[in-house]
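Undergrad: here is a sequence with its predicted model. Questions after.
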Amino acid sequence: MNTGNHRGWDGNTLKWIALLSMLIDHIGVIYLSYGSHALLSVYSLSRYIGRLSFPLFCFLLVEGFYHTGDLCKYVQRMLGFAFLAEIPYDLAIYGKIVKLDGQNVLFTFVIGLLVMWMLTKVELWSIPMYGIVLFGCAAAYLLRVDYSWYGILLIVVFYVFHDQKTKRNLAAAVLLFWQPASLVALLCIQWYNGERGRGNRTVFYWFYPVHLLILYALQYILMPARMGF
């Protein structure tokens, strides 16, 4: 895709790739995780496709951090939608209104934003930096957010090596090695042209809770037996 005179994919395109892969992943988790052998094969495929989403979202989070004009509003918006999405997330993924030992990924991103903000106050590769990263990882683990400490480390990698593509890709590849399908996301990131692209950013925030509610509602309507009705 071309954006103006710049070859490659803009941020808006990467967002849609991430959103669609996340949607496919959640369809697999909610509808295809049990059944015939053929259905389980489709489930596995959906999970592989879904591995694209998290690295892309982490990368875009860091880009947003570098380019935002108001970090406070950025964090507030992310935190607001994190709380808004929590019940839809618990219903769709766990089948419960509240599940305290599993929080949605937007909380992971809130912690990531706060960690990056704190890192701007210290020198890279200093003892305080390692302390901040450790604090962020511990917070993610203790709060039981999606992707836990691993997600914070990936965000930190994209932040620290923001202007060093080779080091960024190598460090990210090491973290993503246990999920080989996620490595494809690095190829998508290589095509990023540095442009934000056109698109209403609010749509992307609303997509997360709304798609979870829709997937849960469809399961409730189409497969009541699985839900105990």
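TA: That came in fine, so what should we check first?
Undergrad: report pLDDT for residue 33.
TA: Residue 33 carries a pLDDT score of 80 in this model.
Undergrad: repeat that for residue 2.
TA: 41.
Undergrad: helices of the chain, start to end?
TA: Secondary structure of the chain, counting by DSSP state H: helices at 11-31, 37-50, 53-67, 71-89, 105-119, 127-142, 148-160, 165-176, 183-190, 201-222.
Undergrad: buried stuff in the shortest one?
TA: It stands for helix 183-190. Using 16 or more other C-beta atoms under 10 Å as the test for burial, helix 183-190 gives 183, 184, 185, 186, 188, 189. In short, each C-beta sits where N, CA and C put it, glycine included.
Undergrad: could I get the contacting residues of the nearest residue to the first one once chain neighbours are set aside?
TA: It stands for residue 183. Of all residues not flanking residue 183 in the chain, residue 176 sits nearest, at 5.5 Å (C-beta to C-beta, 6 or more residues apart in numbering). Each residue near residue 176 by C-beta atoms under 8 Å, 6 or more residues apart in numbering is listed here: 55, 154, 182, 183, 185, 186.
Undergrad: wait, doesn't the fifth one sit right on residue 51?
TA: Yes - using C-beta atoms under 8 Å, residue 185 is in contact with residue 51, at 7.5 Å.
Undergrad: for residue 99, find the nearest of the helices of the chain.
TA: helix 71-89 (8.6 Å; C-beta to C-beta).
Undergrad: which residues touch the closest residue in space to residue 68 that isn't next to it in sequence?
TA: Once flanking residues are discounted, residue 68 sits nearest to residue 74: 4.6 Å by C-beta to C-beta, 6+ apart. Residue 74 makes contact with 64, 65, 68, 113, according to C-beta under 8 Å, 6+ apart.
Undergrad: sort out which one of these lies nearest residue 161 for me.
TA: Of all the contacts of residue 74, residue 161 sits closest to residue 65, with 13.9 Å by C-beta to C-beta.
Undergrad: ok, for the closest one, nearest residue in space, not its chain neighbours?
TA: residue 116 is the one closest to residue 65 (C-beta to C-beta, 6+ apart), at 5.1 Å.
Undergrad: give me the neighbour count for the one you found.
TA: 23 (other C-beta atoms under 10 Å).
Undergrad: please apply the same query to the one 4 residues further on.
TA: The local packing count at residue 120 equals 9, with neighbours defined by other C-beta under 10 Å.
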